[in-house]
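# Structure for this input, please:
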Amino acid sequence: MEKIVINTGSSISEIFIGAKWESVNELLPQSGVAVITDNNIHRIYGAGFPDFPVFQVKAGEGSKKLEVIESLAERLIEAGIDRSGLILGIGGGVVCDIAGFLASIYMRGIRCAYVSTSLLSQVDASTGGKNGVNLGGTKNILGCFRQPEFVICDQAMLKTLPEDEYFSGLAELIKTALIGNEKLFEIIENNQEGILNRDAELLSMCISMAVNFKAAVVSEDEKESGLRRILNFGHTYGHAIEAYKSFRHGYAVASGMELAANFSLSKGLIASPEYDRIIALLKSFRLLRRHDIPDDQVSQLIMRDKKKSGSDIYIVLLDGIGKAIVDKIPVREAVDFYRHNKPGN
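Residues are numbered from 1 along each chain as shown. Take a look at the predicted model:
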């Protein structure tokens with residue numbers, strides 16, 4: 001078990017990699033806790049949950065909306081959770097987003113913590129304090145920064161993930177390797193069978209490398225005013241694809257990374273052999289899917305992106321495998337690149 005600490009100056013968050021999820025009982029207060037989970041996680045693990053009130057949401061992105069937050073807040077009131085309380089999210093990225101967002105606004109802010117059950121969540125969503133819900137077709141447009149007190153990442157829980165959910169998380173692991181850790185990229189390249197078999201020791205090492213990188217970034221730039229923007233690699237196009245095609249997040253981001261890598265190649269930032277390695281790895285895990293957003297819709301979707309600033313947008317590009325840069329370009333340029341480089345062109 002490894003403990004990774006994120007210290008933003010105003011808060012400390014402890015991430016436990018390889019800890020048994022049942023050890024959460026040792027970290028919780030004796031009272032004032034409410035558990036938020038989804039119906040799938042409760043069905044598999046609910047019998048072992050801590051002995052506190054449990055509120056279930058429907059599994060999936062559709063639960064990330066204000067109506068669900070409002071309903072959960074009412075249930076917190078009914079359960080007597082006050083300002084000294086703590087919300088424990090047990091689930092993947094959706095549950096962590098909901099639990100963190102609710103904790104940030106309930107009674108103007110109470111504590112939260114997570115048991116992270118999915119690969120996407122263990123690699124990315126549960127770490128760093130970004131929480132958001134969707135509004136209409138716009139992803140995470142309502143959000144906040146709220147660091148969890150602790151996160152438990154038990155790799156044994158990844159064995160129960162559906163295949164498409166597991167591979168969705170793998171895309172975020174590859175993303176982290178591409179923007180900040182060439183060694184991690186090589187490990188994924190050279191250990192594909194172990195990753196396909198969900199080898200717990202291998203995954204623990206990879207997740208630790210990813211979280212250590214993200215912890216360093218978040219500790220330096222919690223509110224995404226500079227360095228933290230690199231964590232959005234693949235997301236400018238990915239969020240547009242996710243909104244239009246309703247892909248799982250990681251598959252959409254994988255296609256976004258393909259486009260962003262191509263953009264980097266077109267600007268001379270990476271060479272063809274590097275681009276080929278990136279695409280080969282994404283294809284080896286069958287992460288790339290046809291998206292083909294119509295020309296008259298791609299502009300509208302990209303204009304909704306939170307990274308837009310006036311008529312410009314911050315886009316993350318690669319300056320080699322393991323190194324990312326942020327470029328501010330006209331939205332028009334990002335849209336035109338998609339139109340000329342989408343599948344079939």
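# Output the contacting helices and strands for the worst-scoring helix or strand of the chain on mean pLDDT.
Ranked by mean pLDDT, DSSP states H and E, the helix or strand of the chain with the weakest confidence is strand 308-309, at a mean of 76. Packing contacts for strand 308-309, counted by 3 or more C-beta pairs under 8 Å, 6 or more residues apart in numbering; DSSP states H and E, involve no helix or strand. C-betas here are computed from N, CA, C, even on glycine.
# Sheet-wise, list the partners of it with their directions.
strand 312-318 (antiparallel) (DSSP bridges).
# what about the helices in this structure?
Assigned by DSSP state H, the helices in the chain fall at 39-45, 66-78, 93-105, 119-120, 163-180, 182-190, 192-196, 200-220, 235-245, 249-266, 272-284, 295-303, 331-341.
# Could you list the buried residues of the fifth one?
I take that to be helix 163-180. 165-180 (16 or more other C-beta atoms under 10 Å).
# just the second one next, same as before
Neighbour-count burial for helix 66-78, with 16+ other C-beta under 10 Å as criterion, is recorded at Val68, Ile69, Leu72, Leu76.
# quick check, nearest of those to Ala34?
Nearest to Ala34 among the buried residues of helix 66-78: Leu76, at 5.7 Å, using C-beta to C-beta.
# okay, the closest one: pLDDT?
Leu76 is assigned 98 on the pLDDT scale.
# do the same with Ala125
In this model, Ala125 carries a pLDDT of 74.
# And for the residue nearest to it when sequence neighbours are not counted, the neighbour number?
Nearest residue to Ala125, sequence neighbours excluded (C-beta to C-beta, 6 or more residues apart in numbering): Gly93, at 3.4 Å. Residues contacting Gly93 under the criterion other C-beta atoms under 10 Å number 26.
# can you check Leu288 too?
16.
# dump the residue contacts of it.
Leu288 sits next to Ala254, Ser255, Glu258, Ile279, Leu282 when contact means C-beta atoms under 8 Å, 6 or more residues apart in numbering.
# for Lys307, same thing?
Lys307 neighbours (C-beta under 8 Å, 6+ apart): Arg229, Asn232, His235, Thr236, Ile313, Tyr314, Ile315.
# out of the contacts of Leu288, what pair is the most spread apart?
Maximum distance among the contacts of Leu288 (C-beta to C-beta): 11.1 Å, for Ser255 and Ile279.
# Which one (most neighbours) among the contacts of Leu288?
Ala254 (29 neighbours).
# What sits closest to that one if chain neighbours are left out?
Leu287 (3.7 Å).
# That neighbour: what's it in contact with?
Here Leu287 is in contact with Phe167, Leu170, Ala171, Ile174, Gly250, Tyr251, Ala254, Ser255 (C-beta under 8 Å, 6+ apart).
# That one and Thr37, how far apart?
Distance, Leu287 to Thr37, by C-beta to C-beta, to the nearest Å: 27 Å.
# cool, and Ile152?
Taking C-beta to C-beta, one finds Ile152 at 14 Å from Thr37.
# before we move on, what about Ala19?
18 Å.
# Ile230 contacts Thr176, correct?
No - using C-beta atoms under 8 Å, Ile230 is not in contact with Thr176, being 9.9 Å away.
# re earlier: between Ala19 and Thr37, tell me which one has more neighbours.
Between Ala19 and Thr37, Thr37 has the larger neighbour count (other C-beta under 10 Å), namely 26 against 21.
# How about the contacts made by the spatially closest residue to Gly129 that is not a sequence neighbour?
In this structure, Gly129 finds its nearest non-sequential neighbour in Gln147, 3.9 Å apart by C-beta to C-beta, 6+ apart. Counting by C-beta under 8 Å, 6+ apart, Gln147 touches Ile6, Thr8, Ser11, Ile12, Ser13, Gly128, Gly129, Glu222.
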